[in-house]
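Undergrad: quick one, what's the 3D model for this:
(chains A, B, C and D)
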Number of protein chains: 2
Amino acid sequence: MATRAQRTDALSKERIVDAAIEILDTEGEKGLTFRTLAARLATGAGAIYWHVANKDELLAAATDGVVTRVVADVARGENPRDGIRILALGVFDAIDAHPWVGTQLSREPWGAALLQIFEGLGGRLQELGVPRAQQFNSASALLNYVLGAAAQNAANARLVLPGATDRSDFLGGIAARWTELDAARYPFLRQAAAELPEHDDREQFLAGIDLILSGCLTES
Amino acid sequence: MATRAQRTDALSKERIVDAAIEILDTEGEKGLTFRTLAARLATGAGAIYWHVANKDELLAAATDGVVTRVVADVARGENPRDGIRILALGVFDAIDAHPWVGTQLSREPWGAALLQIFEGLGGRLQELGVPRAQQFNSASALLNYVLGAAAQNAANARLVLPGATDRSDFLGGIAARWTELDAARYPFLRQAAAELPEHDDREQFLAGIDLILSGCLTES
DNA sequence: GAGAGTCTGGAACGTTGTTCCAGTAACAGT
DNA sequence: ACTGTTACTGGAACAACGTTCCAGACTCTC
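TA: Have a look, this model is predicted:
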């Protein structure tokens, strides 16, 4: 049974997941259906179900595929602080390139993809000298922050399409709405509106990482 | 047109949203369909569409409803640090009670619910004396952390149902899987597995808030 | 009463995830 | 070369969903 021959045009979970990733990237989350997938693979829906239990498993596998590549790409041997920044930014960029990964990471609580990121963050916090009693909490804080920023960014990416021509138009439009808010109830937002259009998501994300890291190291 | 009389059994957006929240809380996200909603309101799907544009708007309205209540409940006049903790914990608890809110907050990037939370956090950071240049970044970091933790918690809540009888069983099962991981690739997770079963989600969440706050205040 | 607006309920449409199953390809044993 | 078994395929069929459509019912104004 192990050494069974394959047809030359054999379908496989790997080919299916790769095709799914391609569709997700080009057509978005709504573009991936078992029918479009079957069409791209020139087969029927039933054949796909032989290799994949259901759509959730397919999405989880696609997510794991992307995340595994990111985590593996982060060089070991960096000093731990830079390692954390590179890893976090890698996840951030991956989700920028594949917004559906952000959605998926928030849906799949203890999946393989998440564990890899958690390990990468936690291991480097150890190296940084965070006291053992606080390693778990600190790593969780970092992970939650990364996931929150990621999901938010993914949702944004999904939203840029309609209306605005480019990113600064888009943010300008949101800032304009903020300045129209009730001054008594939303003083902070009205002030922040000024900074919104020219802020850089990546820089802001990294600033948050540094903030949390400095918190990890100052708390005794 | 403004002073049009209402039938006594009149449908309204408010009644629809309230019924939707009830279904979401009792039956979960999958339980809310326009058919179940119409059945509970003893009407047809078309009647609902007269008051609500589509399901997205319905979910957004339900989310805003819950979040508005939470934000309003947080007493002003607290010292700002406690205010942030209470607000964040309020959002956390609300999502624990209504897991679907967590999912929704991550999907709706600049919705009214999010703005209220952002304002609450940012305003109190100002009072805390965070330098103006860092208020935007700090508030974003807090918000992203809250959202990440919230979404993760919501996903967990959705997952407890099958299998395990109670929470510590559930976490114990996950910890057991962590200890079976490859020791060379996952040293941190294997260590964290020991702490997982008895950790308290709320406490860990608050520890993360304190971590970020201390980071906000030490970064010059 | 007549007419106009507002609102209702349910039938109907197109699409989705999933199941089912008759059929085919490649092997192993004889 | 035949046969049976297993591994796999493709497409028809099903139930459920979000959404649209529209004939009617209600309630006001004239």
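
Undergrad: pull out the buried residues from the longest helix along chain A.
TA: Of all the elements of type helix in chain A, the one with the most residues (DSSP state H) is helix A:132-160. When burial is assessed from 16 or more other Cβ atoms under 10 Å in any protein chain shown, helix A:132-160 yields the following buried residues: A:134-160. C-beta: built from backbone N, CA, C; applies to glycine.

Undergrad: which SS state does the residue in chain A that DNA strand D sits nearest to fall under?
TA: For chain A, the residue positioned closest to DNA strand D under Cβ to the nearest atom of the strand is residue A:46, at a distance of 1.8 Å. Three-state secondary structure (criterion: DSSP: H, G, I helix; E, B strand; the rest coil) places residue A:46 in helix.

Undergrad: tell me, how many residues neighbour it?
TA: Counted with other Cβ atoms under 10 Å in any protein chain shown, residues neighbouring residue A:46 total 9.

Undergrad: and it, how far from residue A:38?
TA: For residue A:46, the distance to residue A:38 equals 9 Å [Cβ to Cβ, to the nearest Å].

Undergrad: looking at the residue of chain A closest to DNA strand D now. What's its pLDDT?
TA: At residue A:46 the predicted local distance difference test score is 96.

Undergrad: which phi and psi does residue A:54 have?
TA: Note on residue A:54: backbone dihedrals following degrees, to the nearest 10 are phi -170, psi -180.

Undergrad: residue A:119 against residue B:190, yeah?
TA: No - taking contacts as Cβ atoms under 8 Å, residue A:119 lies outside contact range of residue B:190: 9.4 Å.

Undergrad: lowest-scoring secondary structure element of chain A by mean pLDDT?
TA: Across the helices and strands of chain A, mean pLDDT, DSSP states H and E gives its lowest value to helix A:167-179, namely a mean of 89.

Undergrad: residues of the following helix or strand past that one that come out buried?
TA: For helix A:167-179, the succeeding helix or strand toward the C-terminus, using DSSP states H and E, is helix A:187-192. Of the residues in helix A:187-192, those buried under the neighbour-count criterion (16+ other Cβ under 10 Å) are A:188-192.

Undergrad: residue A:122 and residue A:200: what is the separation?
TA: Counting by Cβ to Cβ, the gap from residue A:122 to residue A:200 is 28 Å.

Undergrad: and what of residue A:142?
TA: Summarising the geometry, the distance separating residue A:142 from residue A:200, computed by Cβ to Cβ, is 20 Å.

Undergrad: okay, helices next: where are they in chain A?
TA: For chain A, applying DSSP H gives helices covering A:13-27, A:34-40, A:45-51, A:55-73, A:80-97, A:99-105, A:112-128, A:132-160, A:167-179, A:187-192, A:201-218.

Undergrad: now do the same end-to-end measure for stretch A:28-48.
TA: In terms of Cα to Cα, to the nearest Å, the two terminal residues of stretch A:28-48 are separated by 20 Å.

Undergrad: so where's chain A shaky on pLDDT?
TA: Screening chain A residue by residue with the criterion pLDDT under 70, one finds the ranges A:1-9, A:75, A:160-164, A:219-220.

Undergrad: circling back to that earlier point, other SSEs contacting the longest helix of chain A?
TA: Contact here means 3 or more Cβ pairs under 8 Å, 6 or more residues apart in numbering or on different chains; DSSP states H and E; on that basis helix A:132-160 packs against helix A:80-97, helix A:99-105, helix A:112-128, helix A:167-179, helix A:201-218, helix B:132-160, helix B:187-195, helix B:201-218.

Undergrad: most tightly surrounded among those?
TA: Using mean count of other Cβ atoms under 10 Å in any protein chain shown, the stretch among these with the greatest mean number of neighbours is helix A:99-105 (a mean of 26).

Undergrad: which elements pack onto that helix?
TA: Counting contacts by 3+ Cβ pairs under 8 Å, 6+ apart, helix A:99-105 is packed against helix A:55-73, helix A:80-97, helix A:112-128, helix A:132-160.

Undergrad: can you list those in TSV and add distance to residue A:196?
TA: Written out in TSV, the entries for the helices and strands packed on helix A:99-105 read as follows (distance: least, Cβ to Cβ, whole Å):
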stretch	distance to residue A:196
helix A:55-73	28
helix A:80-97	18
helix A:112-128	28
helix A:132-160	12
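
Undergrad: of all these, which one is nearest residue A:215?
TA: When the helices and strands packed on helix A:99-105 are ranked by proximity to residue A:215, the top entry is helix A:132-160, at 7.8 Å, counting by Cβ to Cβ.
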